[in-house]
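Peer 1: I need the structure of the sequence given here:
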Amino acid sequence: MRYLTFALAKGRLAKKTLSCLEQIGITCEEMKAPGTRKLIFVNEDLKLRFFLAKAGDVPTYVEYGAADIGVVGKDTILEEGRDNLYEVMDLGFGACRMCVCGPASAREILQKNEIIRVATKYPNIAKEYFYSKKNQTVEIIKLNGSVELAPIVNLADVIVDIVETGATLKENGLDVLEEVCPLSCRMVVNKVSLKMEQERIMKLVRELRANGTGAD
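Peer 2: So this is what the prediction gives:
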């Protein structure tokens, strides 16, 4: 039997994913070792391998077959736009929204369909939303840090960013103006892997769902 390899997005999503897997009997004790410098973790009994990666790299590992299965946020999947993978399950946790945000005064310019400046960490998602869904021409400004700053210092009219509670927006005088799409943690599978290991992969999906994991 060949190994099934999982690429997990580092941080909260990986911890939550491992917790869900443990509930259906899939464990990897190696990953719990404090201070470990290992990169690949193995469950020999179940022929499973795991590794942690930056969220933005997970779809790449899956697309090129370095991982059979990836677990990462929907925002990353949309932004990366990889073709050679299937989204097989909404795991249901990490729920939030991708939104257009800005000062209340920006509502008017959004409705007028004017050319505006949009600051975001997610240029591909922003382009798809404004160009394809709204047919609105915008200037996209790519930022890596706190995008909430952009409207405050007049770098941009609005931002496109992930919103969980909205507390940071309110603290900085910004509002949610439009919702782009709902987000949550998803399981993606390499297309070739799904053909070769369909029985094992879909059994995993069924067991997770039966245990209450996943969005309705």
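
Peer 1: tell me, how many neighbours does residue 129 end up with?
Peer 2: Look at residue 129: counted by other Cβ atoms under 10 Å, it has 23 neighbours. For every residue, glycine as well, the C-beta is placed using N, CA and C.

Peer 1: what do you get for residue 98?
Peer 2: Counted with other Cβ under 10 Å, residue 98 comes out at 23.

Peer 1: SS state for it?
Peer 2: Assigned with DSSP: H, G, I helix; E, B strand; the rest coil, residue 98 falls in the strand class.

Peer 1: roughly how far apart are it and residue 213?
Peer 2: 23 Å (Cβ to Cβ, to the nearest Å).

Peer 1: cool, residue 165 as well?
Peer 2: In terms of Cβ to Cβ, residue 165 sits 23 Å off from residue 213.

Peer 1: for residue 31, same thing?
Peer 2: Taking Cβ to Cβ, one finds residue 31 at 19 Å from residue 213.

Peer 1: Helices along the protein, start to end?
Peer 2: Under the criterion DSSP state H, helices of the chain are mapped to 12-23, 58-63, 74-80, 106-111, 123-127, 149-152, 167-171, 191-196, 198-210.

Peer 1: Output those helices as TSV; include the columns mean pLDDT.
Peer 2: Shown next, in TSV, are the helices of the chain (pLDDT from 0 to 100):
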stretch	mean pLDDT
helix 12-23	93
helix 58-63	96
helix 74-80	96
helix 106-111	90
helix 123-127	97
helix 149-152	96
helix 167-171	92
helix 191-196	96
helix 198-210	95
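
Peer 1: deepest of these, which one?
Peer 2: Comparing those by mean neighbour count (mean count of other Cβ atoms under 10 Å), helix 58-63 ranks first with a mean of 24.

Peer 1: by contact count, what packs against that helix?
Peer 2: strand 4-9, strand 69-73, helix 74-80, strand 85-90, strand 185-190 (3 or more Cβ pairs under 8 Å, 6 or more residues apart in numbering; DSSP states H and E).

Peer 1: Across the sheet, point out what pairs with the residue nearest in space to the middle of the chain.
Peer 2: Residue closest to the average C-alpha location in the chain (Cα atoms, centre = their mean): residue 73, at 1.8 Å. For residue 73, the beta-bridge partners are residue 185 (DSSP bridges).

Peer 1: quick one: contacts for it?
Peer 2: Residue 73 sits next to 9, 13, 55, 94, 183, 184, 185, 186 when contact means Cβ atoms under 8 Å, 6 or more residues apart in numbering.

Peer 1: Wait, the first one touches residue 58, no?
Peer 2: Yes. Residue 9 lies in contact with residue 58 (Cβ atoms under 8 Å); the separation is 5.3 Å.

Peer 1: Need the residues touching each of these two.
Peer 2: Shared contacts of residue 9 and residue 58, defined by Cβ under 8 Å, 6+ apart, are found at 70, 71, 72, 76.

Peer 1: Tell me if I'm right that residue 192 and residue 65 touch.
Peer 2: Yes. If you go by Cβ under 8 Å, residue 192 and residue 65 touch, sitting 6.2 Å apart.
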